[in-house]
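Participant: Show me how the following folds:
(one chain, ligands or ions: 1)
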Amino acid sequence: MRLVLDHLTVRRGPCPVLHDISLTLAEGEFVGLLGPNGAGKTTLLRAALGLLPAGGHSSIAALPPAARARAAAFLPQGREIAWPMPVETLVALGRPGRRPEDTAAVARAIDRLGLAPLRPRRATELSGGEQARVLLARALAQEAPLLLADEPTAGLDPEQQLAVMTLFAGLAAEGGTVLASLHDLGLAARHCTRLIVLDTGRIVADGAPRAVLTEALLAGTFGIRAHLSEGPEGLIFQPLGRVAR
Ligand SMILES: Nc1ncnc2c1ncn2[C@@H]1O[C@H](COP(=O)(O)OP(=O)(O)OP(=O)(O)O)[C@@H](O)[C@H]1O
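Facilitator: Numbering: from 1, shown residues only. Purely as a prediction, here's the structure:
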């Protein structure tokens, strides 16, 4: 499902923290939403979903609540689980209902995140990274055509980070639309089909990873210099140092 944002603007107090964002995400795209701390990534995701008051238009926020819940799944930034319930019960919260297809969707989400061994454990007794994967499984159990994820790889070990990026690329390859905020530019460069970079609430770059991650953008927006090359398995990106802005 397409996501269309048209002149989306969010104010916090007197200051706009998201300025006039217009973009269209198509089926089959895995888009990395990048930008330094405070750039507006979380604000954009939440406003697109209608979770924040915003000016302009979002095709998802405009839907009635039930249609919105079917259209879009959201992984918020907060990862702490407060409910002492078994992993399987928590994942099933993403897919309430007792039809066979609901049970199958929950089982698929548990399987996709490699959570089978943790299924009977109490969610509050898992490690931080394990809890993060449980919350992602809950979002995936919705099997919505659009997935918005706020820093989905934060707190995960390298294998699990790669697993999540591969999973998201697979969802896009199957026709889904994925928008994920990311701080790891290497993972974004390698796995995303498109990168959108925010800086102080505005889009400063949008396109294929190789075209977006220029020396000038890395220095001007992120304050870093980096190595970027084409490897046999895709782009290789390694931050090398800070630069004066
Ligand atoms: N409740 C709030 N009240 C006032 N300002 C806010 C509020 N929430 C966020 N902001 C401001 O909005 C701007 C964008 O914040 P946002 O959380 O969207 O950034 P981000 O790109 O997701 O950052 P990070 O990478 O640190 O998670 C920041 O300047 C932040 O200080």
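Participant: Quick check: longest helix in the protein by residues?
Facilitator: If you go by DSSP state H, the chain has its longest helix at helix 158-173.
Participant: Would you mind listing the buried residues in that one?
Facilitator: The neighbour-count check on helix 158-173 (16 or more other C-beta atoms under 10 Å) flags 160-161, 163-165, 167-169, 171-172 as buried. To be clear about C-beta, it is placed using only N, CA and C from the backbone, and glycine gets the same treatment.
Participant: Let me see the mean pLDDT of that helix.
Facilitator: Average pLDDT, helix 158-173: 97.
Participant: And it, what does it pack against?
Facilitator: Under the contact definition 3 or more C-beta pairs under 8 Å, 6 or more residues apart in numbering; DSSP states H and E, helix 158-173 sits against strand 30-34, helix 128-140, strand 146-150, strand 177-181, helix 185-191.
Participant: how about TSV for the buried residues of helix 158-173, with distance to the ligand added?
Facilitator: What follows is the buried residues of helix 158-173, written out as TSV (distance: C-beta to the nearest ligand atom, whole Å):
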residue	distance to the ligand
160	20
161	17
163	22
164	17
165	18
167	22
168	18
169	22
171	22
172	22
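Participant: For residue 19, give me its contacts.
Facilitator: Applying C-beta atoms under 8 Å, 6 or more residues apart in numbering to residue 19 gives the contacts 9, 201-202.
Participant: And the ligand, is the helix or strand harbouring it touching that?
Facilitator: Following DSSP states H and E, one finds residue 19 within strand 15-25. Yes - applying C-beta under 6 Å from any ligand atom, one finds strand 15-25 touching the ligand at residue 17.
Participant: One more: stretch 146-153?
Facilitator: No - Stretch 146-153 is not in contact with the ligand by C-beta under 6 Å from any ligand atom; minimum separation 6.8 Å.
Participant: Among the contacts of residue 19, which one lies nearest to residue 87?
Facilitator: Ranked by distance to residue 87 (C-beta to C-beta), these are led by residue 201 at 37.3 Å.
Participant: For that closest one, give its distance to the ligand.
Facilitator: Distance of residue 201 to the ligand, given as C-beta to the nearest ligand atom, to the nearest Å: 7 Å.
Participant: Leaving out chain neighbours, which residue sits closest to that residue?
Facilitator: The shortest distance from residue 201 to any non-neighbouring residue, by C-beta to C-beta, 6 or more residues apart in numbering, is to residue 40 (4.3 Å).
Participant: Compute the distance between the one you found and residue 152, please.
Facilitator: 18 Å (C-beta to C-beta, to the nearest Å).
Participant: related to what we said a few turns ago, mind putting the helices and strands packed on helix 158-173 into TSV with mean neighbour count and mean pLDDT?
Facilitator: TSV is the format used below for those (neighbours: other C-beta atoms under 10 Å; pLDDT from 0 to 100):
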stretch	mean neighbour count	mean pLDDT
strand 30-34	26	98
helix 128-140	22	96
strand 146-150	24	98
strand 177-181	25	98
helix 185-191	22	97
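Participant: any chance of the ones you listed in CSV, with distance to residue 116 too?
Facilitator: Formatted as CSV, these follow (distance: least, C-beta to C-beta, whole Å):
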stretch, distance to residue 116
strand 30-34, 25
helix 128-140, 11
strand 146-150, 21
strand 177-181, 23
helix 185-191, 24
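Participant: related to what we said a few turns ago, which parts of the strand holding residue 19 are buried?
Facilitator: Neighbour count says strand 15-25 has 16-19, 21, 23, 25 buried, by 16+ other C-beta under 10 Å.
Participant: do the same with stretch 226-236
Facilitator: Neighbour counts using 16+ other C-beta under 10 Å place 226, 228, 235 of stretch 226-236 among the buried residues.
Participant: Can you give me the end-to-end span of that stretch?
Facilitator: In stretch 226-236, first residue to last residue: 10 Å (C-alpha to C-alpha, to the nearest Å).
Participant: Having no further points to raise, I will conclude here.
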